[in-house]
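Asks: A predicted structure for the sequence below; I have some questions about it.
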Amino acid sequence: MFTRDYVMRQVNQLAQVLALVLFNKRENPEVEINEVISTGIKNALGVSLDELLVLDEIQVTSLCRDAGHFSPDLAVSIADLLMEEPSNEAHQRAFWLYSAALKAGGTLPLHAMEWVSSGEFTA
């Protein structure tokens, strides 16, 4: 029960970070949002955005574990944040996380479901 509450707090914090990123993007498009994204990822996973962008698929998905089990909700929250970062590397990692979450029975946003259902990463 405790671990489930912890993961839900992480997901809620990431939702707040995503809202902040989207607000800043709309209100001040010239403001660098990478720092906000990196801070949110660092708080949730313990790695910075730059560190995350050099990891392979297994390493990225293994970061979204809680008590040894993959957390689809956490993976989707991280993937949603990564989709706001404009690099191809971030989008590729988002694709990996969305795919892993779908395989684990998680719920994906419609755009992610359509993207992952295509079967392969395209930028």
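Replies: Yep, it's here. Just so you know, these numbers come straight off a predicted model, no measurement behind them.
Asks: Asp80 touches Ala101, doesn't it?
Replies: No - at 10.6 Å, Asp80 does not count as touching Ala101 under the criterion of CB atoms under 8 Å. Backbone N, C-alpha and C define where each C-beta goes, glycine included.
Asks: These two - which one has more neighbours?
Replies: Ala101 (26 against 21; other CB atoms under 10 Å).
Asks: That one: what's it in contact with?
Replies: Shown in contact with Ala101 (CB atoms under 8 Å, 6 or more residues apart in numbering): Pro72, Asp73, Ala75, Val76, Ala79, Thr107, Leu108.
Asks: just curious, which of those is nearest to Val36?
Replies: Nearest to Val36, judged by CB to CB, of these is Ala79 at 16.2 Å.
Asks: right, and the closest one touches Trp115 too?
Replies: No - contact between Ala79 and Trp115 fails when scored by CB under 8 Å: they sit 10.2 Å apart.
Asks: shared neighbours, those two?
Replies: Common neighbours of Ala79 and Trp115 (CB under 8 Å, 6+ apart) are Phe95, Tyr98.
Asks: Kind regards, and thank you for your time.
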